[in-house]
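Trainee: Give me the fold of what follows.
(2 chains, ligands or ions: 1)
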Number of protein chains: 2
Amino acid sequence: MQGNMMDVQLTVPTILERIRTQYAAREVVSLLVAGRDEQGNPVAHKHRTTYGQVADRSLRLAAGLLGLGLQSGDRVATLAVNSFRHLEAYLGVPSAGLVLHTVNIRLHPEQIAWILNHAEDRVLLIENVFAAMIPALKAACPKLEHVFVLGPTPQPIPLPGVADYDTFVADSAPLARYPQIQETDAAAMCYTSGTTGNPKGVVYTHRSTLLHSMVSAPKDALNVGEADSVLPIVPMFHVNAWGLPYTCAMYGAKQVYAGVFADGRSVASLLRDEQVTITAGVPTIWMGLLGELDRAAADGHPYDLSRVERLIVGGSAAPESMIRAFSDRHRLSLLQAWGMTETHPLGTASAVPAGVDPTSDEGFTLRAKQGRTVPLIELEILSDDGQRLPHDGKTMGRLITRGPWVANSYFKGEGQSNFFDLDGQLWFDTGDIATLDERGYMHIQDRAKDLIKSGGEWIGSVDLENAIMAHPAVAMCAVIAMDDPKWDERPLAIVVPRPGQTVTHDALTDFIAPKFAKWWLPDATVVTDQLPIGATGKVLKRELRDQYRGYSTN
Amino acid sequence: MQGNMMDVQLTVPTILERIRTQYAAREVVSLLVAGRDEQGNPVAHKHRTTYGQVADRSLRLAAGLLGLGLQSGDRVATLAVNSFRHLEAYLGVPSAGLVLHTVNIRLHPEQIAWILNHAEDRVLLIENVFAAMIPALKAACPKLEHVFVLGPTPQPIPLPGVADYDTFVADSAPLARYPQIQETDAAAMCYTSGTTGNPKGVVYTHRSTLLHSMVSAPKDALNVGEADSVLPIVPMFHVNAWGLPYTCAMYGAKQVYAGVFADGRSVASLLRDEQVTITAGVPTIWMGLLGELDRAAADGHPYDLSRVERLIVGGSAAPESMIRAFSDRHRLSLLQAWGMTETHPLGTASAVPAGVDPTSDEGFTLRAKQGRTVPLIELEILSDDGQRLPHDGKTMGRLITRGPWVANSYFKGEGQSNFFDLDGQLWFDTGDIATLDERGYMHIQDRAKDLIKSGGEWIGSVDLENAIMAHPAVAMCAVIAMDDPKWDERPLAIVVPRPGQTVTHDALTDFIAPKFAKWWLPDATVVTDQLPIGATGKVLKRELRDQYRGYSTN
Ligand SMILES: Nc1ncnc2c1ncn2[C@@H]1O[C@H](COP(=O)(O)O)[C@@H](O)[C@H]1O
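Mentor: The predicted structure is shown next:
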């Protein structure tokens, strides 16, 4: 029997309408780059606007894009930092029935061009600080018809199809009526590093975006409400900044954007000056903040961060020592969350169970785990032969997940081996190795996938290995993650030279440097005479990681 | 373009799985009737169980019902007070693919039988305190195959098809695998008073139940999390107790159920003894609690209610004086919410906007309004000729709404005139007259529908009028609501006698008494020589309400 409830679709325009009609006076604050100092460092300028203005400009952007002839489902890329303009794209692009494609600004320009081409982006919104890339991108991406520059440039850029974003927005009339959108329509997309081969696109729907915003708000997750002031330091090109721009808009929270200013001092000042209550970022950011807070306290001028209720940490494991340090030294509470590009991302959050004191030993131990699922997300751990393993907090297995905001495939059907059927249901293989306990706490133990996470960004070890093995002096090579206090992980190359040859770290990194962004290059190279090989002929990376645990460059 | 997210359906079993796997240790407390004292008043017994046990019993109930031969979509009725057993039905019945039909225990037995027949209920779960009704209901409802009695009875009830609920549950093995459920399938149903004619059924879907639970949790709505202890005094037969049993289970909050004990003293004691943080009920309940708190404070033994964070009030307008009284005299915060059986119910909540002090004059004024919409709910006000009216806080219009948890029709397609198309979208006419302001605050001004709301329950004025007019001495009659400090509204009959006849209040109420529950009977009768009649020949009730505003029986 069917129920009798309205078929009202879950779509992004409903969020845009909320900031327009209920929260128009609420502020959006952005740190923009005003110029450069003598050393070439960016100088900040603080920009203030309101949700009312953001809504108006989002509607103009939507109408403007449709006016260019874009059709429902066409992709609009952004190559942008966190700011109110990026927020306008978040709201305006999907509300026009188009797909917001946020591109990782940290990638090598060749990878960026590859991704723009793969996604068949017709429009690119690019931050003024990256304007120098425009000619190369235009040349490499023939399908890219329009480029709009976010923020002022010293001179106009005299290239066909390149125009100023603010002018484009101001010159368009606001969208009069939203197009018909089904909740299963694409709203946004993000690429994530494939372990092997090319990056893979994850395409979010309007439904997944709305559900994710709703599930993120309650207090055992991110605790967002209208009275909050939220600083998402996690970049807006990363899984929709963990959904925060949408969640905050849905609930009317003030948004604060740090732009390129993610150092400890900038973050601490923003937290204090904008009365931030909730902020979110990867461990590397919080290590930077911790250093700054310690320094300021030692100098006798501690920051007043009494309004901050919650620092959300995800993207890599937050060490218990860091959670304790913030709590003990600065009375700040870190909440760990786990998720992936493929899960939109919120999968688990590590609030303590009722009755447990978060600052007790048990509390800290639990908070250093990845946490329990949010509603509608399921987790299981599987043995190598695909059997469900017990939830006893000890047995390790391959972590799999399913839920309404988990990908069912990658864009264009790539990487299908990550999605599989178990007892008649579709699951996604996360590539993490984890335990699950009786209360549902998930704890990541290792990574099965060949990737290294440095400062919240993926580095593909297989790509590095292939490049290094192209060197004539190299016989075999494995790249693994080594622990790093600042970046969480950094790549370590382990190399077996060809007989009679010698290799050096500098020679190898010079050799591969042209192909990779600088921060991808291994920090160190170990030369050895053999690598552990398993029965199937593959290098046993887990053994290597054990062997080199604690290896450090200093 | 379609997105690439899993098609995971929003269904009630996902809530049941959460209490089973994550929150098994969390408590469910119920005040049950242990017996009667010398005066015949019920004596309370406090029952404690856990979500783990509730989950297990819900799964047994589910399997037991399917074992009786019930088919997907079949209705299972409850005639029950708030308790852990009712919660088991909330979770177990929909998880079996069946439909939970909660019946209003305050109705006249004939109405109850009518509703059971209309819904074609095959099973009835009936509270032991109502067991005396079983023979009459069985006789009147031929389609009712099985009756299970919730809680012990002095003797077994020797009727075919009648059995003990606890035994039935204990004797069934837990459901091994959930049936396949689509989110648009019916999960639960409730009847609501039609203004004229028979009660009308509203059929909730799994989708609407899940979305409603998600939207209820955040802090600008009900603020539910695992650490909370929640006492829903609103009956579980009313719009799923405002969804709280589902919301609390989804988020792991402790649940406290008062059963038949809703007087001020019982409520105050439960709030204190069970460390309740959130509670919800109609204004009549809070008037009772206020009296008890005032009394206790005057006696020098005030209740320690320091853990209570929020009293949610809805179902009728909460007067500003009451909100102020709780705040000023007891430091307790009331949050007003508005909704209907047709809206599952949450439509608006009256949190103050960012920057407004809730205990300022502006704060109290806003909190006495019905509030702003929760995400995904839309409101408009229409003129009599169907035009959208301005949101200026002054213009009054007929309140209409739409959203994913708003009914699109009544069960069996009745009452279709309440659902209509506006600019290509389906809307529901609430029958309320309201204003909307620039920030989205909705404020109910009047009621277009011919109903009186007494202690949170509807009384049909048209039914009363028809019954009174059947009296040989009556020429004309109108029944309107008069304000009542305790019950919010009570019926007042305004009667024009036939020429030469006299009527008295007692004679009229005696005459109609057999047809109605006692609390439906008018509190007073005014005899007059004419009623205001409009151009279309109908009595102008709004004029009558103005004329008798402030009328009181004392
Ligand atoms: N907070 C409120 N203030 C005023 N009236 C309310 C409120 N909540 C519910 N109502 C009334 O109750 C009706 C719904 O009743 P019901 O379907 O029994 O839940 C609404 O249409 C309103 O007339």
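
Trainee: what residue ranges in the stretch 401-550 of chain A score low on pLDDT?
Mentor: A:536 (pLDDT under 70).

Trainee: How are the strands of it distributed by residue range?
Mentor: A:419-422, A:425-436, A:442-447, A:451-454, A:457-460, A:474-484, A:488-497, A:524-527 (DSSP state E, counting those that start in this stretch).

Trainee: closest one to A:Leu210 among these?
Mentor: strand A:425-436 (20.2 Å; CB to CB). To be clear about C-beta, it is placed using only N, CA and C from the backbone, and glycine gets the same treatment.

Trainee: quick one, the closest one and strand A:442-447 angle?
Mentor: On the basis of axes from the mean of the first three to the mean of the last three CA atoms, to 10 degrees, strand A:425-436 is oriented at 90 degrees to strand A:442-447.

Trainee: Strand A:425-436 pairs with which strands?
Mentor: strand A:397-402 (antiparallel), strand A:419-422 (antiparallel), strand A:442-447 (antiparallel) (DSSP bridges).

Trainee: How many neighbouring residues does the residue of chain A found nearest the ligand have?
Mentor: Taking CB to the nearest ligand atom, the ligand has its nearest neighbour within chain A at A:Asn4, 14.5 Å off. When neighbours are counted by other CB atoms under 10 Å in any protein chain shown, A:Asn4 registers 24.

Trainee: nearest spatial neighbour of it, skipping sequence neighbours?
Mentor: Residue nearest to A:Asn4 in three dimensions, not counting chain neighbours: B:Val203, with 4.3 Å by CB to CB, 6 or more residues apart in numbering or on different chains.

Trainee: which SS class is A:Pro142?
Mentor: Following DSSP: H, G, I helix; E, B strand; the rest coil, we place A:Pro142 in the coil state.

Trainee: Could you report the neighbour count for it?
Mentor: Neighbours of A:Pro142 (other CB under 10 Å): 8.

Trainee: What of the one 5 residues further on?
Mentor: Burial of A:Val147 is recorded as 24 neighbouring residues (other CB under 10 Å).

Trainee: Distance check, it against A:Ile134.
Mentor: 6 Å (CB to CB, to the nearest Å).

Trainee: what residues are shared contacts of those two?
Mentor: A:Ile126, A:Leu159, A:Val162 (CB atoms under 8 Å, 6 or more residues apart in numbering or on different chains).

Trainee: and the second one, what does it touch?
Mentor: With contacts defined as CB under 8 Å, 6+ apart, A:Leu159 is in contact with A:Ile134, A:Pro135, A:Lys138, A:Val147.

Trainee: filter those residues to the buried ones?
Mentor: A:Ile134, A:Lys138, A:Val147 (16 or more other CB atoms under 10 Å in any protein chain shown).

Trainee: any idea which helix or strand carries the first one?
Mentor: It stands for A:Ile134. helix A:134-140 (DSSP states H and E).

Trainee: Can you name the next helix or strand after that helix?
Mentor: Helix A:134-140 is succeeded, C-terminally, by strand A:146-150 (DSSP H and E).

Trainee: Sort out which residues of that following strand are buried, please.
Mentor: A:His146, A:Val147, A:Phe148, A:Val149, A:Leu150.

Trainee: got the residues of the stretch 101-250 of chain A near chain B?
Mentor: A:184-187, A:202-208, A:210-211, A:213-215, A:217-220, A:223-227, A:250 (CB under 8 Å from any CB of the partner chain).

Trainee: Give me the subset of the residues you listed that lies in helices.
Mentor: Per DSSP state H, helices hold the following members of those: A:His206, A:Arg207, A:Ser208, A:Leu210, A:Leu211, A:Ser213, A:Met214, A:Val215, A:Met250.

Trainee: Compute the number of surrounding residues for the last one.
Mentor: Using other CB under 10 Å, A:Met250 has 28 neighbouring residues.

Trainee: show me where pLDDT drops low in chain A?
Mentor: Along chain A, the parts satisfying pLDDT under 70 run over A:194-196, A:536, A:554.

Trainee: Specify the local secondary structure of the residue of the stretch 51-200 of chain A found nearest chain B.
Mentor: The nearest approach of the stretch 51-200 of chain A to chain B comes at A:Gly73, 3.2 Å away (CB to the nearest CB). What three-state DSSP gives for A:Gly73 is coil.

Trainee: what are the phi and psi angles of it?
Mentor: With angles defined as degrees, to the nearest 10, A:Gly73 sits at phi 90, psi -10.

Trainee: which residues does it contact?
Mentor: With CB under 8 Å, 6+ apart, A:Gly73 has these contacts: A:Gly97, A:Leu98, A:Val99, A:Asp185, A:Ala186, B:Met1.

Trainee: Filter the residues you listed down to the buried ones, ChimeraX style.
Mentor: Typed into ChimeraX, the next command selects the buried ones out of the contacts of A:Gly73 (criterion: 16+ other CB under 10 Å):
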select /A:97,98,99,185,186 /B:1
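
Trainee: want to try CSV for the contacts of A:Gly73, with distance to the ligand as columns?
Mentor: Listed next are the contacts of A:Gly73 as CSV, based on distance: CB to the nearest ligand atom, whole Å:
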residue, distance to the ligand
A:Gly97, 35
A:Leu98, 39
A:Val99, 40
A:Asp185, 34
A:Ala186, 38
B:Met1, 40
